[in-house]
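Novice: output the structure for:
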Amino acid sequence: MGKTAVIVDSRNVLGQVSAVMGQRRRPTVDGVRASLAMVGFDVSHVHVGLALARDKDISTLAAQHASNDKYKESIESDLDAEVLLGELHVKNNSDGTTRVEEKIVDGACNVCITKYVDAILHGRSDVESVVVLSKDIDLSPSIDYGLQVGVPVYVAATDVVQRRPHPHLLLTPLLLEVMAGLSPAASGHALRELAAMALTEQVAMDWTPRPGRDSGMYTHPTGLEGIAKSSLKSALSGDPVTLYAVDVDFAVASHAGFPVLVLDSKPAAHPPVEKLTVVGRSSLLTVTLKDEDNSVMSSSFPAGGVVPGDTLVRHLTTGRLIGRLGAVMSHRAFDPDVIHIIRVATALPKGGHLGTDASNRRGLILGTGDHKPGARFAAVQIDAKSKGPVWVALGSPLPPRA
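Specialist: Numbers count the residues shown, from 1 in each chain. Reported below is the predicted structural model:
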């Protein structure tokens, strides 16, 4: 495979990292290279879309401007990286409040993608494919153009992109961890496991209140974050306080989609959770579960993290899955987070394909489409059968090797 250029919508990726990993962290240039190398792309150039406050809004957005400006400097310190610069605007809402809007970035990303498509089409670049890190549909015009003229353009995100007509790659928690430079012990599935344990076991933990605009938020040395129950009296900033996780909230603005613990001074007599057993995965982002009555159900859950036989904790109020219960992994027949590059050997009459991995293990590849022998996929293992592993592809076939 030839070289790949990557266009990063940094604000969009930040939201994805927050929702899946529970940490607000932006992708780094080295992280983008390393994570995409894991799925078969040789990244040569990275272009990062970000925004700074326009002159009239700098005082209002001083903290956000300063943070983004520091991020801009880190991107520009790499000789093979470029910033696609936009603006942050403060806008007034009808109720008298304000909101922050990012301007120009989508347009700059579309122009960058289109330039690469034309350069590849006319042989003016050593780049042979483009990866767009964003789930923003506003980037579709340039992606569509690339596909119309036969240039490989892939869209990579944690979800949504698999339902659009573009070649795609679903980003797993492990890929996000590498991309954003996160600690594996304090993000993603590990953080979900800690949240599941704290809520299920009703363990007393020492929490530190956040200052300023994050008042009402608490942090724990493990990386867990929590919010105060409405009846909990506010603690002084910086003074640790012993609290219990009594519920979970999936709608906290800074981590929308990730289970943030709700804290109180007293334990919950009956935490709003139930334990379910993992039967398997029907797709990369869907697990099949059974309860104590052996009733079977399906639910969304980030890729990796669990294998058949594991216990998952579900939030009764929302029906959403919090995380795996139990930290012992030595009994596992395989690691569900490791990325494999799988080559198709043959198609099966009833769907799916037989394939081999880098160590020449032969197994089943789940997924849709009719792919020719030799096609390559990035995949994770979701089961271990007597005849070999079962993999599920992270997305579309990879570009052929040069």
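Novice: Thr242 contacts Asp206, doesn't it?
Specialist: Yes. Counting by C-beta atoms under 8 Å, Asp206 is a contact partner of Thr242 at 5.6 Å. Glycine gets a C-beta too; all of them are placed from N, C-alpha and C.
Novice: please verify my assumption that Asp206 contacts Asp239.
Specialist: No. Using C-beta under 8 Å, Asp206 makes no contact with Asp239, being 10.4 Å away.
Novice: which of these two has more residues huddled nearby?
Specialist: Asp206 (11 against 8; other C-beta atoms under 10 Å).
Novice: and that one, what does it touch?
Specialist: By C-beta atoms under 8 Å, 6 or more residues apart in numbering, the contact set of Asp206 is 220, 240-242.
Novice: give the buried residues for the helix or strand harbouring it.
Specialist: Secondary-structure assignment from DSSP states H and E places Asp206 in strand 205-209. Using 16 or more other C-beta atoms under 10 Å as the test for burial, strand 205-209 gives 205, 207-209.
Novice: tell me where the model's unsure across the stretch 251-400 of the chain.
Specialist: Low-confidence segments of the stretch 251-400 of the chain (pLDDT under 70): 327-330, 368.
Novice: swap the cut-off to 80 and go again
Specialist: 327-331, 351, 367-370, 400 (pLDDT under 80).
Novice: show me where it has strands.
Specialist: 260-264, 273-283, 286-290, 296-300, 311-315, 321-325, 340-347, 353-356, 362-366, 376-385, 388-393 (DSSP state E, counting those that start in this stretch).
Novice: against Gln64, how distant is Leu398?
Specialist: Using C-beta to C-beta, to the nearest Å, we find Leu398 at a distance of 37 Å from Gln64.
Novice: equivalent analysis for Gly367, please.
Specialist: 40 Å.
Novice: likewise for Thr346?
Specialist: In terms of C-beta to C-beta, Thr346 sits 53 Å off from Gln64.
Novice: give me the more crowded residue out of the two.
Specialist: Counted by other C-beta under 10 Å, Thr346 and Gln64 do not tie: Gln64 has more neighbours, with 16 against 10.
Novice: what's the per-residue pLDDT of the more buried one here?
Specialist: Gln64 is assigned a predicted lDDT (pLDDT) of 94.
Novice: now do Leu14
Specialist: Confidence score, pLDDT, at Leu14: 97.
Novice: who touches the closest residue to it other than its chain neighbours in this structure?
Specialist: Of all residues beyond its chain neighbours, the one nearest Leu14 is Arg26 (5.1 Å), with distances taken as C-beta to C-beta, 6 or more residues apart in numbering. Contact partners of Arg26, counting by C-beta under 8 Å, 6+ apart, are 10, 13-14, 17, 71, 180.
Novice: out of these, which are inside helices?
Specialist: Among these, the ones falling in helices (DSSP state H) are 10, 13-14, 17, 71, 180.
Novice: just curious, which of the residues you listed is nearest to Glu82?
Specialist: Ser10 (12.4 Å; C-beta to C-beta).
Novice: neighbours of that closest one, how many?
Specialist: Counted with other C-beta under 10 Å, Ser10 comes out at 23.
Novice: please name the bridge partners of the closest residue to it other than its chain neighbours.
Specialist: Of all residues not flanking Ser10 in the chain, Leu50 sits nearest, at 4.8 Å (C-beta to C-beta, 6+ apart). Counting by DSSP bridges, Leu50 is bridged to Leu85.
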